[in-house]
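*Asks:* sequence? don't have it. structure:
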Ligand SMILES: Nc1nc2c(c(=O)[nH]1)N[C@@H](CN(C=O)c1ccc(C(=O)N[C@@H](CCC(=O)O)C(=O)O)cc1)CN2
C-alpha cells in the first residue's frame, strides 16, 4: 500500500526559482571562503553550433557563475566543427588550470560521437557528473558519501523535493524517459540508502504506462512528450515533477513557449507540482554551480 504525499486537491508549487536562488546564496558564501584561501573556481563550457536553445542555456550558466563569484571560460565552435576539433577543445579545457570544472553542452551536432567526447573529459573536472567514472561511482556507492559530481538535473529534482519538506523514503517513484541526463541516472540517485525511494523507469517500450503512473507517489516526467501525463493517470495528492521541454507556438501571442510533459488537468489532481518553466530548469543550473564549488572544495582539502 502506498500513501499519497498530501490529500489536498489544489497542488502546491515546487518552486524551482526560489529554491535555486536560496542555493545560489549559500554557494556565494562558499565561493567567498574559497577565494579567501586563494582558490577561484572556474566553470568552462564547450558549445558547438548555433542552436538558439543551447546558446541561451550556456549564456545562463555564465550569468549564474557571475552571480556567485565563479570565473567563466567559454569555448565556442561552429556547427561544422569536426570530431577532432571538438576533442581538441575538450583537451584544452582539461589542461586549463583556470577551469576547475566544465561541461559539454548537449546535444552535440548530428554525426558527432557524443560518448567519445564525454569520455575524454577529465572525470575530476566533469561538472555535469556524466563521465562514465562518475556515473560508475553512483552505481557502486549505494551507502557511502559520493565524493564526485552528481548529474545536475537528477540532483536538482531530489533537492527540489526535499527542500519542500517532502520525504522520498519508501515512496513509489515512476520516471518517464530513459535519457542519459535524467531518466537513467535519477533511479540510481533515488534508490541510494540516503534517499530510499522505490523506482520504476518507464520508456517507449513500456506497457500499461497509465497503470504504473497511477500507483506513483512521485512522477518524474522526462519523456519530452507534451502533456503525456494526463489527469486520469495521477493518484490524488501525488508529487509531479515536470522535466519535459517541448516548444509550441502560443495561439494567442504567436510566440514560442515551453510545453511540459504534465498536462494542466494532471496538475489539478496532484498534491505538489513543479512549474515549467520555473521548476527543474533553475535547479539544474544551481546544481551545476554546486558541482563546481564542491570540486574546488575537495581539491583544496587535498592540498
Ligand atoms: N551538458 C548538458 N547539456 C544539457 C543539459 C545538461 O544538464 N547538461 N540539460 C539540458 C539543457 N539545460 C542545461 O544545459 C537547461 C535547460 C533548461 C534550463 C532552464 O532554466 N529552463 C527554464 C526555461 C527556459 C525557457 O523558457 O526555454 C526553466 O525551466 O525555468 C536550464 C538548463 C540539455 N542539455
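*Replies:* All right, it came through fine. What you see is a predicted model; the values in this text were computed from it and never measured.

*Asks:* and the residue of the stretch 151-300 of the chain at minimum distance from the ligand, what does it touch?
*Replies:* When you check the stretch 151-300 of the chain against the ligand by CB to the nearest ligand atom, the closest residue turns out to be residue 281, at 2.1 Å. The C-beta positions use only the backbone N, C-alpha and C, and glycine is treated the same way. Contacts were defined as CB atoms under 8 Å, 6 or more residues apart in numbering; by that measure residue 281 touches 16, 245.

*Asks:* retrieve the pLDDT associated with it.
*Replies:* At residue 281, the pLDDT value in this model is 97.

*Asks:* what does residue 9 give?
*Replies:* According to the predicted model, the pLDDT of residue 9 comes to 51.

*Asks:* also residue 145?
*Replies:* At residue 145, the pLDDT value in this model is 88.

*Asks:* next, it: phi, psi?
*Replies:* When read as degrees, to the nearest 10, the backbone of residue 145 gives phi -60, psi 150.

*Asks:* need the contact list for it.
*Replies:* The contact partners of residue 145, by CB under 8 Å, 6+ apart, come to none.

*Asks:* same check on residue 58?
*Replies:* Under the contact definition (CB under 8 Å, 6+ apart), the residues listed for residue 58 are 45, 47, 74, 105.

*Asks:* give the helix, strand or coil label for the third one.
*Replies:* If I follow you right, that is residue 74. Judged by DSSP: H, G, I helix; E, B strand; the rest coil, the three-state class of residue 74 is strand.

*Asks:* what sits against it?
*Replies:* 44-45, 47, 58, 62.

*Asks:* repeat that for 10 Å
*Replies:* 43-47, 58-59, 61-62 (CB atoms under 10 Å, 6 or more residues apart in numbering).

*Asks:* quick check: bridge partners of it?
*Replies:* Taking DSSP bridges, one finds residue 45 as the beta-bridge partners of residue 74.

*Asks:* could you measure it against the ligand, distance?
*Replies:* When distances are taken as CB to the nearest ligand atom, to the nearest Å, residue 74 and the ligand turn out to be 14 Å apart.

*Asks:* that older thread, am I right that the residue of the stretch 151-300 of the chain closest to the ligand is in a helix?
*Replies:* Yes: secondary structure of residue 281 (three-state DSSP): part of a helix.

*Asks:* state the distance from it to residue 166.
*Replies:* Applying CB to CB, to the nearest Å, the value for residue 281 to residue 166 is 20 Å.

*Asks:* and residue 88, by the same measure?
*Replies:* The separation that residue 88 has from residue 166, given CB to CB, amounts to 45 Å.

*Asks:* out of the contacts of residue 74, who's nearest residue 269?
*Replies:* Top of the list for closeness to residue 269, among these and by CB to CB, is residue 61 at 34.6 Å.

*Asks:* my guess is residue 82 contacts residue 112, does it?
*Replies:* Yes: applying CB atoms under 10 Å as the test, residue 82 and residue 112 come out as touching, 8.5 Å apart.

*Asks:* who's more crowded, the two?
*Replies:* Neighbour totals were compared for residue 82 and residue 112, and residue 112 leads with 18 against 11 (other CB atoms under 10 Å).
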